[in-house]
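Q: Model the following, please.
(one chain, ligands or ions: 2)
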Amino acid sequence: MNAVDTAVKLLQAKKIRPSLTRIHILAYLLSHPIHPTVDQIYQALLPQIPTLSKTTVYNTLDLLLENKLVKLVGVEQREKHYDANTKDHGHFFCRICEKIYDFSTPAAEIEAPEIKGFQIEVKNVSYSGVCSDCRHKNKHKEDEYEKFEGN
Ligand SMILES: [Zn+2]
Ligand SMILES: [Zn+2]
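A: Residues are numbered from 1 along each chain as shown. Ligands and ions are numbered 1, 2, ... in the order given. From the prediction side, this is the model:
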């Protein structure tokens, strides 16, 4: 099933009228697991929906959030990042390239005695640091530097 069909099904299951904008936004999130911001979603969809406004994107995302069709990525950043993968998973934020990576996590099984008896509504596992791509790039730089120093 393609992202558009999936989006229509998900919206209908929540009894949300599948308007063109809603379908496009949800389908974009489903097919682009890059945790985009409002601005990124807006820029990506503007060529397809020239009448789109940022307010519409905001409002649509709020509606999708309320219905748990998307969730916010729990990484401390200036802008909100949205995720259509609503299963429990962790996020790794690279401070160099600012990409957000998904990783599987047994978060569903984490039971901390400190919060025993609490009603958990959102689970976020987030790590940050330097991703392997950026580490490799940096390593090359360091190697070159060492070579230079050796002369
Ligand atoms: Zn990186
Ligand atoms: Zn994610």
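Q: Which positions in this protein make contact with ligand 2?
A: 83, 85, 102 (Cβ under 5 Å from the ion). For every residue, glycine as well, the C-beta is placed using N, CA and C.
Q: Most neighbours of all these, which one?
A: residue 83 (20 neighbours; other Cβ atoms under 10 Å).
Q: Can you report how many residues neighbour the residue lying closest to residue 69 once chain neighbours are set aside?
A: Using Cβ to Cβ, 6 or more residues apart in numbering and skipping the chain neighbours, the partner closest in space to residue 69 is residue 10 (5.6 Å). By other Cβ under 10 Å, 22 other residues sit near residue 10.
Q: do residue 58 as well
A: Neighbours of residue 58 (other Cβ under 10 Å): 14.
Q: how close does it sit to residue 41?
A: 10 Å (Cβ to Cβ, to the nearest Å).
Q: hmm, back to that, please, which helix or strand holds the residue nearest to residue 69?
A: Here residue 10 sits within helix 3-13, counting by DSSP states H and E.
Q: Who are the packing partners of that helix?
A: helix 20-31 (3 or more Cβ pairs under 8 Å, 6 or more residues apart in numbering; DSSP states H and E).
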